[in-house]
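Undergrad: Here you go, sequence then predicted model.
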Amino acid sequence: MEGGCQCGAVRYRISGDPVMAALCHCSMCRRANAAPAVAWAMYAESQVDFPADAPTVYESSPGARRGFCARCGTQVSFTADYIPGLIDITIGSLDDPARVAPSLHYWESKRLPWVHFADDLPRHPEFPPQE
């Protein structure tokens, strides 16, 4: 699978299936993406390759880094110390986002009251428990 930012300066390739895919309702993701919720697919860092320009990184909170295109501003990735070796990729930045469907919601406790998804996916009040 491939994807990238809106202007095409940052591109990535992904091999294999995600560890998980989810809709995040936290305020940091909402603000970083200017969206009411953000769909993420999590992969091992070894599954994701940025063949040309890597994203510019912004540390949005201690130990949490958001990767974005410095040219157009598209957020494409998220890494954090609490999920070592893993990288989240915004599903909306995939060339074919229909290929990866979220399987749960997290930070449901922060969901905007006017946002409702008509699905039966599990909902976790904060980050989902890691098994």
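TA: Sure, I can see it.
Undergrad: got the contact list for Ile91?
TA: Residues counted as contacts of Ile91 (Cβ atoms under 8 Å, 6 or more residues apart in numbering) are 21, 39-41, 97, 100, 102. Placement of C-beta: from N, CA and C, glycine included.
Undergrad: Pull the most distant pair out of those.
TA: The span of the contacts of Ile91, defined through Cβ to Cβ, is set by Trp40 and Pro97 at 11.5 Å.
Undergrad: who's more crowded, these two?
TA: Between Trp40 and Pro97, counted using other Cβ atoms under 10 Å, Trp40 has the larger neighbour count: 23 against 15.
Undergrad: Run through the strands of this protein in chain order.
TA: Secondary structure of the chain (DSSP state E): strands at 2-4, 11-14, 20-24, 38-44, 48-49, 56-61, 64-68, 75-80, 86-90, 104-106, 123-124.
Undergrad: Give me whichever of the ones you listed is most buried.
TA: Comparing the strands of the chain by mean neighbour count (mean count of other Cβ atoms under 10 Å), strand 86-90 comes out on top with a mean of 25.
Undergrad: gap between that strand and the chain center?
TA: What separates the centre of strand 86-90 from the centre of its chain is 5 Å, taken as Cα atoms, centre = their mean, to the nearest Å.
Undergrad: picking up where we left off before, I'd like the strands of the chain as TSV, with mean pLDDT appended.
TA: Shown next, in TSV, are those (pLDDT from 0 to 100):
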stretch	mean pLDDT
strand 2-4	98
strand 11-14	98
strand 20-24	95
strand 38-44	97
strand 48-49	98
strand 56-61	96
strand 64-68	97
strand 75-80	97
strand 86-90	98
strand 104-106	93
strand 123-124	84
